[in-house]
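**Q** output the structure for:
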Amino acid sequence: MRYLLDVNALIALGFVEHTLHDRVAAWVRSLAAKGKPDLATCAMTELGFVRVLAQTTQYGLTVAEARTLLLRMKAGRRLKLAFIGDDRDISHLPAWVKTAKQTTDGHLAELARANGAILATLDERIAGAFLIP
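**A** So this is what the prediction gives:
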């Protein structure tokens, strides 16, 4: 199974000091024990990763540092992150999306589905997504 990481899962995986890093890292290790983890990003999750890490004082990274961190993650030997190109326009937004806060989640869930993947998240409120244990 391929998993498209949402922004929070990608940040937690990539930023060791994140409060949920151990949770996501343990899940990835459990996938690795069963074979090579099939994890993916997309433009939206990659840009979100850089934006959040560079925008908040909590993380303290510059845009360049966040970008470098993500590029290193993607090029790592132990963990490869595939890239899913985004060709889904607004007509593909799922019907369950009712509020503005759900638009990105709905888009990512649909993008994953359309590419034979499932959205992996730390947010238990996303319909049809895989909640990282």
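
**Q** not counting its own residues, what contacts stretch 53-72?
**A** Contacting residues not belonging to stretch 53-72 are listed as L10, I11, G14, F15, E17, E46, F49, V50, V52 [CB atoms under 8 Å, 6 or more residues apart in numbering]. (C-beta placed from N, C-alpha, C; glycine too.)

**Q** G128: how many residues sit nearby?
**A** Here the number of neighbours of G128 (other CB atoms under 10 Å) works out to 14.

**Q** quick check: it touching G106?
**A** No: the pair G128 and G106 fails to qualify as a contact (CB atoms under 8 Å) at a distance of 9.6 Å.

**Q** what are the ranges of the strands in the protein?
**A** With strands called from DSSP state E, the chain shows them at 2-5, 38-42, 81-84, 117-121, 130-131.

**Q** columns mean pLDDT on top of those, output as CSV?
**A** Shown next, in CSV, are those (pLDDT from 0 to 100):
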stretch, mean pLDDT
strand 2-5, 97
strand 38-42, 96
strand 81-84, 94
strand 117-121, 98
strand 130-131, 98
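
**Q** tabulate those strands (a markdown table), appending distance to R67 and mean neighbour count.
**A** Listed next are the strands of the chain as a markdown table, based on distance: least, CB to CB, whole Å; neighbours: other CB atoms under 10 Å:
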| stretch | distance to R67 | mean neighbour count |
| --- | --- | --- |
| strand 2-5 | 17 | 24 |
| strand 38-42 | 13 | 20 |
| strand 81-84 | 14 | 17 |
| strand 117-121 | 22 | 23 |
| strand 130-131 | 27 | 15 |
